[in-house]
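1. attaching a predicted model along with its sequence, questions to come.
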Amino acid sequence: MSKAKRIHSSTSRHTRRYTLLYLFLVPLFVSVVRSLFTADYSGFILKGLGFLLLSGSLALASRGFKQKESYVKAKLARAPKIPYLQLAASGLGLSAFYLSFFVGGKPLLSALFVALLAPVGFYLYYGTDPKKDKLGNIDGISAELVLETLHEAKEKLAHIKQDGEKIADQALLSKLALATDKAETILESIQEDPKDIRVARKFLIVYIDGIAKVTRSYIQLDEKDITPQTRERLYGLLDEVEAKFGMELQRLKENNQFDLDVHIDVLKEQIKH
């Protein structure tokens, strides 16, 4: 519980830090509105362009923050392909120059100084995009294989959830949600302990793919045309799949318990000698 509170507190603190950036938009927005109401249309256009430029930079920063948090939390991860934080810092520098020189009428050197200061301050306070992949071999298992398998499974679960939004049968939807929740729990377990991919790979490939195919076939039909017998078979199938997922979770726990017992036995032998 205390760990959960610390994680929640840390996330809230980071969110507050990121939200501070959007405070820069408030005075600029007020200035844009004032120009509109005072019929200063040239000022409205100049300030409006500056507002859009700054808003775009902050949107890039927001994506970069989320991307970086996901990378930090993951035990295995590839470095982001798109450096959103770097793009955001460049955008902030450009925004600062535009607002200083074209809107504020500052001298060129002053505007250039502000343009340089903005990205430097951003990097110092928020950091940069992750540069290195968090890869390697885990007990002889390729990290690339683990990441690829997890990515594929997550994509399939996302498609299942999208298809589930088109299902009107609430009983079926509830059973589908129970199964996908357990599937996500298994994925989280594998992320925490990637070597579990050995015992869970069949689950990831066969069962999630099977649910995806059944769900897609279901939504391609008119629900009114599905017979009660077929519906009952589908209910039973999802109950069976959920039970399989429960067994898979239990197997992963037992596998971790076995690893712990092995480590204890090895340590005992080392102590004896």
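-> Noted; the coordinates are in hand.
2. what segments of this structure are strands?
-> Under the criterion DSSP state E, strands of the chain are mapped to 137-138, 141-142.
3. pLDDT on the first one, on average?
-> For strand 137-138, the mean per-residue pLDDT is 60.
4. how about stretch 171-180?
-> pLDDT averaged over stretch 171-180 gives 91.
5. and the contacts of it?
-> 157, 160-161, 164, 167, 211, 215, 218, 231, 234-235, 238-239, 241-242, 245 (CB atoms under 8 Å, 6 or more residues apart in numbering). Where you see a C-beta, it was placed from the backbone N, CA and C, and this is true even at glycine.
6. pull out the buried positions in stretch 184-194.
-> 186-187, 189-191, 194 (16 or more other CB atoms under 10 Å).
7. I should have written stretch 77-85 there, sorry.
-> Buried residues in stretch 77-85, defined by neighbour count with 16+ other CB under 10 Å: 77-78, 80, 83-85.
8. spatially nearest residue to G246 (excluding sequence neighbours)?
-> Nearest residue to G246 in three dimensions, chain neighbours excluded: K182, at 6.3 Å (CB to CB, 6 or more residues apart in numbering).
9. sorry, slip of the keys, the one I care about is S70.
-> Distances taken as CB to CB, 6+ apart place A77 nearest to S70, at 7.3 Å, with adjacent residues excluded.
10. next one: E184
-> E184 sits nearest to L157 (CB to CB, 6+ apart), 6.5 Å away.
11. returning to that earlier point: is the residue nearest to S70 in a bridge, and if so with what?
-> Under DSSP bridges, the beta-bridge partners of A77 are K134.
12. for it, what are its contacts?
-> With contact taken as CB under 8 Å, 6+ apart, A77 is in contact with 70-71, 130, 133-134, 147.
13. same thing but at 10 Å, please
-> 67, 70-71, 130, 132-135, 143, 147, 191 (CB atoms under 10 Å, 6 or more residues apart in numbering).
14. would you mind giving those residues as a markdown table with distance to G56 added?
-> Below are the contacts of A77 laid out as a markdown table (distance: CB to CB, whole Å):
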| residue | distance to G56 |
| --- | --- |
| Q67 | 17 |
| S70 | 22 |
| Y71 | 23 |
| P130 | 22 |
| K132 | 28 |
| D133 | 28 |
| K134 | 30 |
| L135 | 32 |
| A143 | 35 |
| L147 | 31 |
| Q191 | 32 |
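15. from these, keep the buried residues only.
-> 67, 71, 130, 143, 147, 191.
16. quick one: the third one and L145, what's the gap?
-> The one in question is P130. Applying CB to CB, to the nearest Å, the value for P130 to L145 is 21 Å.
17. same question, the second one
-> Going from Y71 to L145 by CB to CB gives 19 Å.
18. kindly report the same for the last one.
-> In this structure, Q191 and L145 are separated by 14 Å, where distance is defined by CB to CB.
19. burial of K202, as a residue count?
-> K202: 10 surrounding residues under other CB atoms under 10 Å.
20. pLDDT value on it, please?
-> Looking at K202, its pLDDT is 72.
21. residues in contact with it?
-> Each residue near K202 by CB under 10 Å, 6+ apart is listed here: E248.
22. this completes my enquiry, with thanks.
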